[in-house]
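*Asks:* I need the structure of the sequence given here:
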Amino acid sequence: MFPLRLAIQSILKEFWINLLTVLSIGALLMMLFAVGTIVYNIEIMTRRLPERLSILVFLKDHTPEGDLKVIEARFKSEPLVRSVEFISKDKAMNNLKKTFKEDDFILKGITDNPLSDSFEIRLKGNNLSVNDVKGFIDKIRALKNVDDVEHGGKLLESVYAFKQGLRVLGIFTGVIFATAVIFICYSTVRLLFYRRLDEIEIYRLLGATKAFVRAPFFIEGAVIGFIGGVLGTILLWILNNYLIGRIMVNIPVFSFISVPVGSLYFMPALGFVLGLSGVGFALGRLKY
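*Replies:* Model (predicted):
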């Protein structure tokens, strides 16, 4: 227990240095998890996007009723289809009239119904990829009585590309923040080591092993990293409850934002590991 007592004494003796280290680690871990939260919410949003998009399949004129049933059955047999609705040309015209109810003069000059029978297809939102959607649309276009297809494939493709870019940016940013935490612990331990060099020399003269000399530094680094993680958790919790909560109330478009609360418990453990890593790098480069 002697190394633990030395570590506690060092933490209290070098209080301001350790406090600055804890604050820096807490801020960095908070930003690391904030970036992770952004990536997480983009993942959730893009996962739900396909089911919010609809595919309109316009049929050729005078498509036989038997073919309509065959086409509808074909759509429903696809594993990525959630629902299929047939919209006759008369129903489409009625919907159009309801849309332009106050501006009905727009449709007064139309005598024949120029619209087509169509199917509205809604997709399932479970882990659909852009290639899945594009492949399904290609199948639709190849059907015998299909005249045209309208879909949000371009939007879906753009959103997925944005998601991939954000995911890479998130990983890159995470590595930078994690490296910064390790470097802070590394610099703090080196500073504390040189400030205690005379004390360490006395221990060596008394026959202390390297493991004995290093143990207090590992304990101190682990404690500082852990406390920094706890501080980061508190900061992110405050950010979630007071800032994000108010944004969601005042700006409903951001109501989809959510913070994975369970991951907050992981932050002190991450701080603990990064603190130990910083100490390991620092002591590994010191010659004594």
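*Asks:* identify the residues contacting Leu274.
*Replies:* 25, 178, 181-182, 185, 225 (C-beta atoms under 8 Å, 6 or more residues apart in numbering). Any C-beta I mention is one placed from the backbone N, CA and C, and that applies to glycine too.
*Asks:* so it is in which element?
*Replies:* Under the criterion DSSP states H and E, the helix or strand holding Leu274 is helix 266-285.
*Asks:* what's near enough to touch Ser54?
*Replies:* 120-122, 151-152.
*Asks:* rerun that using 7 Å as the cut-off
*Replies:* By C-beta atoms under 7 Å, 6 or more residues apart in numbering, Ser54 lies in contact with 120-122.
*Asks:* ok, what's across the strand from it?
*Replies:* Going by DSSP bridges, Ser54 is paired in beta bridges with Arg122.
*Asks:* how much space is there between it and Val81?
*Replies:* 11 Å (C-beta to C-beta, to the nearest Å).
*Asks:* got it, and Leu236?
*Replies:* 40 Å.
*Asks:* got it, and Leu68?
*Replies:* Leu68 is 16 Å from Val81, by C-beta to C-beta.
*Asks:* any regions of the stretch 1-150 of the chain where pLDDT drops low?
*Replies:* For the stretch 1-150 of the chain, the stretches flagged by pLDDT under 70 are 1-7, 9, 47-52, 93, 95-114, 125-130.
*Asks:* can you give me the helices for it?
*Replies:* Counting by DSSP state H, counting those that start in this stretch, the stretch 1-150 of the chain has these helices, from start to end: 2-13, 15-52, 65-76, 89-99, 130-141.
*Asks:* can I get those helices in CSV including mean neighbour count and distance to Leu197?
*Replies:* Output for those, formatted as CSV (neighbours: other C-beta atoms under 10 Å; distance: least, C-beta to C-beta, whole Å):
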stretch, mean neighbour count, distance to Leu197
helix 2-13, 15, 13
helix 15-52, 18, 16
helix 65-76, 14, 77
helix 89-99, 13, 81
helix 130-141, 15, 60
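*Asks:* closest to Phe217 out of those helices?
*Replies:* helix 2-13 (7.6 Å; C-beta to C-beta).
*Asks:* by neighbours, which of the contacts of Ser54 wins?
*Replies:* Of all these, Ile121 has the most neighbours under the rule other C-beta atoms under 10 Å, reaching 25 neighbours.
*Asks:* I'd like the distance between the spatially closest residue to that one that is not a sequence neighbour and Leu32.
*Replies:* Among residues not flanking Ile121 along the chain, Ile55 sits closest, at 4.3 Å (C-beta to C-beta, 6 or more residues apart in numbering). Ile55 sits 39 Å away from Leu32, going by C-beta to C-beta.
*Asks:* hmm, back to that, shared neighbours of Ser54 and Val81, anything?
*Replies:* Common neighbours of Ser54 and Val81 (C-beta under 7 Å, 6+ apart) are Ile121.
*Asks:* from the contacts of Leu274, which is closest to Leu192?
*Replies:* Cys185 (10.5 Å).
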